[in-house]
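Quick one, what's the 3D model for this:
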Amino acid sequence: MSDVIAVTSGKGGAGKSTICACLGYALAKQGARTLIIELDFGMRCMDLMLGIDGKIEHDLGDVLKGEIDAYKAAIDVKLATNLSVLCAPSDPYIQIKVKDIEKILDDMRKYFEYILIDTSVGINGPIFDVVANSDLILLVSSIEPTSVRDARMMSDEFYKRGTKKQRLIINKASRKVFDNDGLDDLDMIIDSVGVQLIGVVPEDPAIPMSTGKGIALGSNTDGFAAFSNIARRIKGASMPIAAKV
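Just a heads-up that it's a prediction; the model follows:
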């Protein structure tokens, strides 16, 4: 049975989808059978980020309509053995029900060790209920004050619902953090959001280059090191928060 991990943020632009794609890649590279389910309707981008643009024969919309089984609709990603993706519907207005998504998750658990959900942003709509019921919530925030505040609002709502298994990923962190000169800045963000930190992703040009072109993130980059450490921490290993090659 797999762990369902929701990757979410309170504000657009925090890098939620990028985090989801790169973390899925890192888990798969470490040998874990991993599935990404894209629930960010109307903002479909996983196919571009993972190098499978133009190769999608079926998506989540087809599954929700009952036209195909979820496992058959998922497509293997060539960038990494063990990585598959079920892309968001091409129709941004398709209606979804929480019970339908939860059934898909239950059906897919037996095939994968990790299921990552790329969610829509904010706290409205049925997808928020799916996130709240996940085994782990990865709350993504950039260092921007508005992103930090919105992450806190998301976290507070999860806590109100009794969801305590949240972890924070700080994205697009300045290089000075990795030289130990910016740790106070990180502490301020952690205290503001009120969620335990699981990883810090640097402002590494290799990351947008990878996801923008649908190519593998180089194993000699700081970005790859950061995602590899987050993946290992998810598995329970003791790894540095701020990683660099």
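
Following the chain past the helix or strand bottoming out on mean pLDDT in the chain, name the next helix or strand.
Using mean pLDDT, DSSP states H and E, helix 126-132 stands out as the lowest-scoring helix or strand of the chain, at a mean of 80. Counting by DSSP states H and E, the next helix or strand C-terminal to helix 126-132 is strand 136-141.

Can you list the strands that that following strand pairs with?
Strand 136-141 sits in its sheet next to strand 3-8 (parallel), strand 166-173 (parallel), going by DSSP bridges.

Let me know the average pLDDT across the shortest one.
This predicted structure assigns strand 3-8 an average pLDDT of 95.

re the thing from before, buried ones in the least confident helix or strand of the chain?
126-128, 130-132 (16 or more other C-beta atoms under 10 Å). (Each C-beta comes from the backbone N, C-alpha and C, glycine too.)

Could you list the low-confidence segments of the protein?
Within the chain, the ranges that satisfy pLDDT under 70 run 1, 42, 122-125, 175-184, 242-245.

mind listing the helices in it by residue range?
16-29, 46-49, 60-64, 70-73, 98-108, 126-132, 145-160, 183-193, 206-213, 222-234 (DSSP state H).

Residues contacting stretch 18-30, please?
7, 34-36, 46, 49-50, 77, 79-83, 85, 113-114, 116-118, 138, 140, 169, 171, 201, 207-208, 210-211, 216-217, 223-224, 227-228, 230-232, 234-235 (C-beta atoms under 8 Å, 6 or more residues apart in numbering).

of these, buried ones?
7, 34-36, 46, 49-50, 77, 79-80, 82-83, 85, 113-114, 116-118, 138, 140, 169, 171, 201, 207, 210-211, 217, 223-224, 227-228, 230-232, 234.

Of the helices of the chain, which is nearest S90?
Nearest to S90, of all the helices of the chain, is helix 60-64, at 6.4 Å by C-beta to C-beta.

could you say what helices and strands that closest one packs with?
Judged by 3 or more C-beta pairs under 8 Å, 6 or more residues apart in numbering; DSSP states H and E, helix 60-64 is in contact with helix 70-73, helix 98-108.

Just the CA atoms of it, as PDB, please.
The C-alpha coordinates for helix 60-64 follow below in PDB (Å, rounded to 0.1, in the frame of the first residue of the first chain):
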ATOM      1  CA  LEU A  60      -8.000  12.000 -15.600                       C
ATOM      2  CA  GLY A  61     -11.100  13.300 -17.300                       C
ATOM      3  CA  ASP A  62     -11.400  10.000 -19.200                       C
ATOM      4  CA  VAL A  63     -11.100   8.100 -16.000                       C
ATOM      5  CA  LEU A  64     -13.700  10.200 -14.200                       C
END
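
so D204 touches F227, yeah?
No: with contact defined as C-beta atoms under 8 Å, D204 does not count as touching F227 (10.1 Å).

Can you give the distance of the least confident helix or strand of the chain from its chain's centre?
Counting by C-alpha atoms, centre = their mean, to the nearest Å, helix 126-132 is centred 14 Å from the centre of its parent chain.

Likewise for stretch 34-46?
With C-alpha atoms, centre = their mean, you get 9 Å for stretch 34-46.

Use 835 as the first number from now on
Yes, from this point I'll number from 835; that puts the last item at stretch 868-880.
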